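[1] Below are the sequence and a predicted model; questions follow.
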Amino acid sequence: MRYAGSVLAVLIGSSFVLADDAKPISTDDAAKMVDKRVTVEMEVKSTGTSRQGMVFLNSMMNRNDGKNFVIVLKKEAAEKLRKTLNAEPKDHYKGKTLQVTGTVTQYMNRPQIEVSEPDQIKIVEKK
């Protein structure tokens, strides 16, 4: 029984490593992976904010484009980023290529990842 518990712990631990070390995927591929934890890579082409303090980072110039993938910075994450970056997140990230890790969800039939912690976002060199 002790052996089975050890094997289970190793298997569970390695699945977490694989999820965090996974190769980034495109927004098109991520859009097909609703309810899955992924790392998506995208260029932020436009941004927006809500009255509730959320920040939206869009993969398309037109946020209403059917192919738009949205990174939603929840209010708390946006506030933390403002302090860390000493800048508005919507301005700081616009035009940059990001890797964002999180669970793909849908809002109004549009794919998105909600960011609750700043460490879910990483700026990368444009490819």
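    Right, received. Where do you want to start?
[2] where in this structure is pLDDT low?
    Scanning the chain for pLDDT under 70 picks out 1-21, 127.
[3] So in that sheet, which strands flank the top strand by length along it, and in what orientation?
    Counting by DSSP state E, the longest strand found in the chain is strand 97-107. Strands flanking strand 97-107 in the sheet, each with its direction: strand 37-43 (antiparallel), strand 110-115 (antiparallel), strand 121-124 (antiparallel) (DSSP bridges).
[4] who's in contact with that strand?
    For strand 97-107, contacts defined as C-beta atoms under 8 Å, 6 or more residues apart in numbering pick out 20, 24, 30-31, 33-44, 57, 70-72, 111-115, 120-127. No exception for glycine: its C-beta is placed from N, CA and C like everyone else's.
[5] Filter those residues down to the buried ones, PyMOL style.
    Selection of buried members from the contacts of strand 97-107 for PyMOL, criterion 16 or more other C-beta atoms under 10 Å:
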select buried, resi 24+30+31+38+39+40+41+42+43+44+57+70+71+72+111+112+113+114+115+120+121
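[6] ok so, going back, distance to Thr103 for the strands paired with strand 97-107 - can I get that in TSV?
    Below are the strands paired with strand 97-107 laid out as TSV (distance: least, C-beta to C-beta, whole Å):
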stretch	distance to Thr103
strand 37-43	5
strand 110-115	7
strand 121-124	14
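[7] Can you tell me which of these is nearest to Lys94?
    Taking C-beta to C-beta, strand 37-43 is the member of the strands paired with strand 97-107 nearest to Lys94, at 9.5 Å.
[8] And the next helix or strand past that closest one?
    Next helix or strand after strand 37-43 toward the C-terminus (DSSP states H and E): strand 46-49.
[9] Which other helices and strands does that next one contact?
    strand 55-58, helix 89-93 (3 or more C-beta pairs under 8 Å, 6 or more residues apart in numbering; DSSP states H and E).
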